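[1] Turn this into a structure:
(one chain, ligands or ions: 2)
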Amino acid sequence: MSLDNRPLYTGGCQCGAVRFRIEGALHHASVCHCRMCQKAFGNFYAPLATVNPGTLSWTRGEPKRYRSSRHVLRGFCGDCGTPLTFEAPDGVALAIGAFDHPEEVAPTFQWGLEGKLPYADTIPALPGGRTEDDMEVAPYLADLGPLQHPDHDTESWPPEDRS
Ligand SMILES: [Zn+2]
Ligand SMILES: [Zn+2]
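    Ligands and ions are numbered 1, 2, ... in the order given. Coordinates of the predicted model:
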């Protein structure tokens, strides 16, 4: 929450070159299964939160954009490639996974059902494990030293020591 009690959201790409801030409530949160969103996100579906006009600002850098269809621009970090925006004439949506707290932005609708992959609904039932469960076969995980930007705004980025 900001000082005047309006919701406040921040986020950015994985490398930290692009950061955003949304002051005020989000308009809508959804996932889109359409084939274009699958490609653009390299994923099974695209999780997107539409922002209300005038509430979004870029606080570090700015996404690079390409035209994915006649009326839509898609933004991504030009340095690390994180998908960031879907920009249509009726509004801008941000990738929910890029929010600092994606757990606060629960989708309430599914678009693009014609493209829904047959296993999209069965993934939650798969057996699973935590990242550290893989330590024996992938020992580098113990010393991963992630260079990912932390889930909060920073004064300067990247940090001095990235060795
Ligand atoms: Zn980046
Ligand atoms: Zn889509």
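[2] Pull the contacting residues for the residue sitting nearest the centre point of the chain.
    The centroid of the chain falls nearest to residue 98 when counting by Cα atoms, centre = their mean (2.6 Å). Contacts of residue 98 were listed using Cβ atoms under 8 Å, 6 or more residues apart in numbering, and they are 11, 12, 13, 20, 82, 83, 84. For every residue, glycine as well, the C-beta is placed using N, CA and C.
[3] Tell me what the fourth one is bridged to.
    Applying DSSP bridges to residue 20 gives these bridge partners: residue 11, residue 58.
[4] My read is that it contacts residue 55, right?
    No - counting by Cβ atoms under 8 Å, residue 20 sits too far from residue 55 to count as a contact (10.4 Å).
[5] Of the two, which one has the most company?
    residue 20 (25 against 18; other Cβ atoms under 10 Å).
[6] Against residue 86, how distant is that one?
    Distance, residue 20 to residue 86, by Cβ to Cβ, to the nearest Å: 13 Å.
[7] Surely residue 44 is within a strand?
    No - read with DSSP: H, G, I helix; E, B strand; the rest coil, residue 44 is coil and lies in no strand.
[8] and the residue of the chain positioned farthest from its centre, helix, strand or coil?
    Residue distances from the centre of the chain (Cα atoms, centre = their mean) peak at residue 136, which lies 30.3 Å from the mean C-alpha position. Each residue gets one of three states, and residue 136 gets coil by three-state DSSP.
[9] How about the residues of the protein by ligand 2?
    Applying Cβ under 5 Å from the ion, one finds that the chain approaches ligand 2 through 32, 34, 37, 112.
[10] And the furthest pair within those residues?
    Of all pairs drawn from the residues of the chain next to ligand 2, the one with the longest distance (Cβ to Cβ) is 37 and 112, at 6.3 Å.
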